[in-house]
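# Sequence and predicted structure below; questions after.
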Amino acid sequence: MPALDNDLRTDGTPVTADAVALRRSVAAGAIGVFVHWFDWAAYAYLAGTVADVFFPTDDGTTGLLAVFGVFAVSFGIRPIGAMVFGPLGDRIGRKRTLSLVIFMMSGATLVIGLLPGYASIGITAPVLLVVARLVQGFAAGGEFGSAASFLAESAPRRRRGFGVSWLEVGSLLGFLAGSFVFLLLSTGLDDDQLTSWGWRVPFLVAAPLGVIGYIIRNKIEDTPEYRALEANDTVPRSPVRDLIRSHKREMFQAAGLMTAMHVPFYAVLTYLVTYETDHLGHSADSAALLSTVISLLGLVLVPLFGRLSDRVGRKPVFVGATTALLVLATPAFWLMRTGLAGTWIAGLLLGAILAAILGTYAVWSAEIFPTRTRQSGLSIAYNITAALFAGTVPYLMTVLISATGSTLVPGPYLMVAAVGGLVAALSLKETAGNPLLRPEDVPDAPVEGHRTPSA
């Protein structure tokens with residue numbers, strides 16, 4: 001990552017931190033999402049094998065639905081985690097919650113990798129799997145809000161979009177690593193080996209990565225904005241109450257932006273693997289390879305779109321991306337039915353659109369909240385929309401395709417998400433370049449150049 005010095009902090013003061021310190025901030029913010037999404041990608045890619053290990057049944061669809069059901073339930077608890085870790089981060093700082101959530105996520109991941117299957121301990125096996133996924137979901141409820149707040153408040157304001165975009169680079173790296181490990185396992189092991197021990201490898205690998213992340217996060221300093229709250233004695237006692245009282249509009253706007261991210265993210269990077277194998281007849285190797293290439297494309301494009309949003313604004317980039325999703329989602333899934341080449345063209349197209357959304361939604365969402373309630377607002381909006389619209393994607397798509405008999409169902413569902421994002425985006429004014437500290441954060445300090453994010 002290039003140096004970002006000789007710029008301005010969000011409070012208007014000069015940046016003197018060197019490139020090493022900035023890279024450390026990016027690493028601290030992104031490593032948790034890397035570990036988190038590596039685990040979730042591995043679970044999604046290995047859904048069929050996990051179903052055989054923990055939910056043995058003669059009906060493959062029933063077992064797959066059980067695995068996706070656990071996937072959805074673990075998302076359902078994320079808003080509870082958000083209600084705990086979001087306000088906690090606004091009260092005690094971004095650094096402490098960043099360390100706590102990665103510790104909990106890594107511990108639950110290790111437990112999953114060590115769990116015996118149904119053949120060994122019967123019904124206790126799926127029960128323990130559910131418990132471990134619930135712990136992961138609870139901790140994950142605090143990951144995005146903590147990391148996004150930390151990165152937004154650590155980056156120079158004129159390059160904030162570029163800085164925060166590295167949060168999603170971490171997410172894509174996690175998915176890329178998950179798909180790569182799955183590709184190695186699926187090509188290097190036979191079905192019996194994969195079922196007996198191979199499926200455990202990604203979860204056992206993720207645990208020590210989480211320990212490394214904890215060490216990195218435990219050594220960082222908190223953000224200049226949060227330290228300004230401490231110095232001025234304006235750290236909120238009840239950030240959720242302040243949020244509900246004064247920033248309900250921003251909550252709904254952030255939820256709209258996030259919905260337009262969640263649905264294509266899980267449709268393209270998680271569900272598409274199952275969709276290709278179950279409904280298009282492609283091999284698991286081919287599906288995993290396409291997922292890998294889409295992730296690689298995102299690694300290149302997401303920071304570029306983040307940088308573009310610093311230059312032309314969040315609104316043009318995000319509105320353009322969601323408009324493209326609205327227009328092209330259903331034709332893309334129609335194109336997939338024409339053959340393997342069509343599947344690749346459509347998948348890469350959807351991946352490029354997703355990259356534009358990923359490059360802008362997090363920084364825009366962070367900028368619309370004041371510092372005093374930023375982590376609460378980001379955590380709650382992100383995780384409520386994740387519970388409603390992200391974790392349910394694979395389960396809902398499986399049910400709807402089975403009920404309608406149409407493999408085009410994902411297209412209209414993506415269009416609905418795009419409409420939600422467009423409505424939110426069009427109700428917002430541009431925030432690129434705004435300072436993050438506002439008069440309500442530090443009442444006695446001058447905060448110049450602020451423009452309200454609401455229309």
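Cool, got the structure. Numbering: from 1, shown residues only.
# By mean pLDDT, point me to the weakest helix or strand of the chain.
In the chain, no helix or strand scores lower on mean pLDDT, DSSP states H and E than helix 60-76, which sits at a mean of 69.
# Next up, the contacts around Tyr118.
Contact analysis of Tyr118 by C-beta atoms under 8 Å, 6 or more residues apart in numbering lists 53-56, 125-126. From N, CA and C alone the C-beta is placed, and that goes for glycine too.
# Ok, Tyr271 next?
Applying C-beta under 8 Å, 6+ apart to Tyr271 gives the contacts 44, 393-394, 397, 410.
# same check, this time on Leu176
Applying C-beta under 8 Å, 6+ apart, we find Leu176 in contact with 292, 295-296, 299.
# again, only this time at 10 Å
By C-beta atoms under 10 Å, 6 or more residues apart in numbering, the contact set of Leu176 is 34, 37-38, 41, 169, 269, 291-296, 298-299.
# Surely Phe103 touches Gly210?
Yes. The pair Phe103 / Gly210 is scored as a contact, 7.3 Å apart, by C-beta atoms under 10 Å.
# With neighbour numbers in mind, choose between the two.
More neighbours surround Gly210 than the other of Phe103 and Gly210, with 26 against 17 (other C-beta atoms under 10 Å).
# Now that one: closest residue in space, sequence neighbours ignored.
Leaving aside its chain neighbours, Gly210 sits nearest to Ser106 (2.5 Å; criterion: C-beta to C-beta, 6 or more residues apart in numbering).
# In three-state terms, label that neighbour for me.
helix (DSSP: H, G, I helix; E, B strand; the rest coil).
# so how far is Pro435 from it?
Distance, Ser106 to Pro435, using C-beta to C-beta, to the nearest Å: 35 Å.
# Kindly report the same for Val419.
Separation of Val419 from Pro435 (C-beta to C-beta) stands at 32 Å.
# which one of the two has more residues nearby?
Relative neighbour count places Pro435 above the other of Val419 and Pro435, with 21 against 15, counting by other C-beta under 10 Å.
# helix, strand or coil for the more buried one?
Per three-state DSSP, the local secondary structure of Pro435 is coil.
# Got phi/psi on it?
phi -70, psi 150 (degrees, to the nearest 10).
# Could you report the distance from the most centrally placed residue in the chain to Leu328?
The centroid of the chain falls nearest to Ser171 when counting by C-alpha atoms, centre = their mean (6.1 Å). The gap separating Ser171 from Leu328 is 22 Å, by C-beta to C-beta.
# can you check Ala47 too?
Separation of Ala47 from Leu328 (C-beta to C-beta): 27 Å.
# Those two: which has the busier surroundings?
Neighbour comparison, Ala47 and Leu328: the larger count goes to Ala47, with 23 against 19 (by other C-beta under 10 Å).
# wait, isn't that one in contact with Tyr275?
No. Shown here, Ala47 and Tyr275 do not form a contact pair, counting by C-beta under 10 Å, at 12.0 Å.
# residues shared between the contacts of these two?
Common neighbours of Ala47 and Tyr275, using C-beta under 10 Å, 6+ apart, are Pro394.
# What about Ile80, how many residues nearby?
Other residues near Ile80 come to 15 when the count uses other C-beta under 10 Å.
# which strands and helices sit next to whichever helix or strand it is part of?
Under the criterion of DSSP states H and E, Ile80 resides in helix 78-92. The elements that helix 78-92 packs onto, with contact taken as 3 or more C-beta pairs under 10 Å, 6 or more residues apart in numbering; DSSP states H and E, are helix 94-114, helix 124-140, helix 143-154, helix 224-231, helix 239-246, helix 374-389.
# what is the orientation angle of it with helix 239-246?
Helix 78-92 runs at 100 degrees relative to helix 239-246, counting by axes from the mean of the first three to the mean of the last three C-alpha atoms, to 10 degrees.
# Run through the chain and note the low-pLDDT ranges.
Along the chain, segments meeting pLDDT under 70 span 1-22, 57-65, 68, 71-72, 391, 444-455.
# Next, count neighbours for Val164.
By the measure other C-beta under 10 Å, the count of residues near Val164 is 32.
# tell me the contacts of it?
By C-beta under 10 Å, 6+ apart, the contact list for Val164 reads 26, 29, 147-155, 306, 309-310, 359-367.
# Ile80 now?
Ile80 makes contact with 134, 137-138, 141, 383, 387, according to C-beta under 10 Å, 6+ apart.
# Neighbour count and distance to Ala119 added to these, as a markdown table?
Formatted as a markdown table, the contacts of Ile80 follow (neighbours: other C-beta atoms under 10 Å; distance: C-beta to C-beta, whole Å):
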| residue | neighbour count | distance to Ala119 |
| --- | --- | --- |
| Leu134 | 19 | 23 |
| Gly137 | 28 | 26 |
| Phe138 | 22 | 29 |
| Gly141 | 28 | 33 |
| Asn383 | 30 | 35 |
| Ala387 | 23 | 32 |
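# Which of these sits closest to Ala346?
Ala346 has its nearest neighbour among the contacts of Ile80 in Ala387, at 27.9 Å by C-beta to C-beta.
# Distance of that closest one relative to Val419?
20 Å.
# pretty sure Ile77 is in contact with Ala108, am I right?
No. Counting by C-beta under 10 Å, Ile77 does not reach Ala108; the two are 11.7 Å apart.
# Look at these two and report which has more neighbours.
Between Ile77 and Ala108, counting by other C-beta under 10 Å, Ala108 is the more crowded of the two (24 against 21).
# which residues in the stretch 201-350 of the chain form strands?
Ranges of strands within the stretch 201-350 of the chain: none, based on DSSP state E, counting those that start in this stretch.
# if we can go back for a sec, could you work out the most separated pair of the contacts of Ile80?
Pairwise distances across the contacts of Ile80 peak at 13.7 Å for Leu134 and Asn383 (criterion: C-beta to C-beta).
# what about burial for the contacts of Tyr118, which qualify?
With burial judged by 16 or more other C-beta atoms under 10 Å, the buried subset of the contacts of Tyr118 is 53-55, 125-126.
# Out of the contacts of Tyr271, who's the most crowded?
Most neighbours among these, by other C-beta under 10 Å: Pro410, with 28 neighbours.
# Just name the most buried of the helices and strands packed on helix 78-92.
Most buried of the helices and strands packed on helix 78-92, by mean neighbour count (mean count of other C-beta atoms under 10 Å): helix 143-154, with a mean of 29.
# For it, C-alpha coordinates in CSV please.
C-alpha atoms of helix 143-154 as CSV (Å, rounded to 0.1, in the frame of the first residue of the first chain):
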residue,chain,number,x,y,z
GLU,A,143,-16.3,-6.9,13.3
PHE,A,144,-17.5,-4.7,10.5
GLY,A,145,-18.5,-1.7,12.7
SER,A,146,-15.2,-1.8,14.6
ALA,A,147,-13.0,-2.2,11.5
ALA,A,148,-14.9,0.3,9.3
SER,A,149,-14.9,2.9,12.0
PHE,A,150,-11.2,2.3,12.7
LEU,A,151,-10.1,2.5,9.0
ALA,A,152,-12.3,5.6,8.2
GLU,A,153,-10.9,7.4,11.2
SER,A,154,-7.3,6.4,10.5
